[in-house]
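> predicted structure and sequence below. I'll ask about it afterward.
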Amino acid sequence: IVLGTAIAEAVGDGRGITRFADVAVPMDEALARVAIDLGGRGYLVFEGEFSPAGPGGIPGDLIEHFFFSLCIKAGVTAHISITGRNDHHIAEAAFKAFARALRAAVAIDPSIDDVPSTKGFL
């Protein structure tokens with residue numbers, strides 16, 4: 001919750017940001033794909049699953065819940081798709097893909113001098 005709030009505050013009104021990004025991260029046999037929109041509406045689509053034990057004994061549904069809470073508080077729409085056999089690799093790929101997509105979406109685009117929205121606000 002705190003991390004999501006911090007992201008929302010850092011993005012602010014979104015003036016000059018790229019806003020959209022998508023990243024795929026392979027990690028051995030695992031693959032995570034993340035597409036995000038920093039449009040101010042928190043939403044998560046999470047496709048794929050972990051084994052019942054989850055990575056490192058952490059139930060996989062808690063990882064999905066982490067991303068859900070982060071997206072809601074940050075005002076980020078994210079689509080996360082995971083595949084693989086090793087829960088550790090899957091989780092690591094998902095977190096890295098999300099981080100790289102977020103970094104790309106918050107990057108300043110010099111061709112955008114306003115808020116990247118037809119409404120004029122995010």
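Structure's in. What do you need?

> pull the CA atoms of the biggest helix by length in the chain into CSV?
Counting by DSSP state H, the longest helix found in the chain is helix 87-106. Provided in CSV are the C-alpha atoms of helix 87-106 (Å, rounded to 0.1, in the frame of the first residue of the first chain):
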residue,chain,number,x,y,z
ASP,A,87,8.2,-20.7,-8.9
HIS,A,88,11.3,-18.7,-8.0
HIS,A,89,12.1,-18.0,-11.6
ILE,A,90,8.5,-17.1,-12.3
ALA,A,91,8.3,-14.7,-9.4
GLU,A,92,11.7,-13.1,-10.2
ALA,A,93,10.7,-12.6,-13.8
ALA,A,94,7.4,-11.0,-12.8
PHE,A,95,8.9,-8.5,-10.4
LYS,A,96,11.7,-7.6,-12.9
ALA,A,97,9.2,-7.2,-15.7
PHE,A,98,7.0,-5.0,-13.6
ALA,A,99,9.9,-2.8,-12.5
ARG,A,100,11.2,-2.4,-16.1
ALA,A,101,7.7,-1.6,-17.4
LEU,A,102,7.2,1.0,-14.6
ARG,A,103,10.6,2.5,-15.4
ALA,A,104,9.8,2.8,-19.1
ALA,A,105,6.3,4.2,-18.4
VAL,A,106,7.5,7.0,-16.1
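
> show me what that helix is packed up against.
Judged by 3 or more C-beta pairs under 8 Å, 6 or more residues apart in numbering; DSSP states H and E, helix 87-106 is in contact with helix 2-11, strand 20-27, strand 30-37, helix 60-74, strand 77-83. In this view, the C-beta of every residue, glycine as well, is placed from N, C-alpha and C.

> CSV for the ones you listed, including mean neighbour count and distance to Ile90?
Supplementary listing: the helices and strands packed on helix 87-106 in CSV, determined by neighbours: other C-beta atoms under 10 Å; distance: least, C-beta to C-beta, whole Å:
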stretch, mean neighbour count, distance to Ile90
helix 2-11, 14, 21
strand 20-27, 16, 7
strand 30-37, 22, 4
helix 60-74, 18, 8
strand 77-83, 19, 5
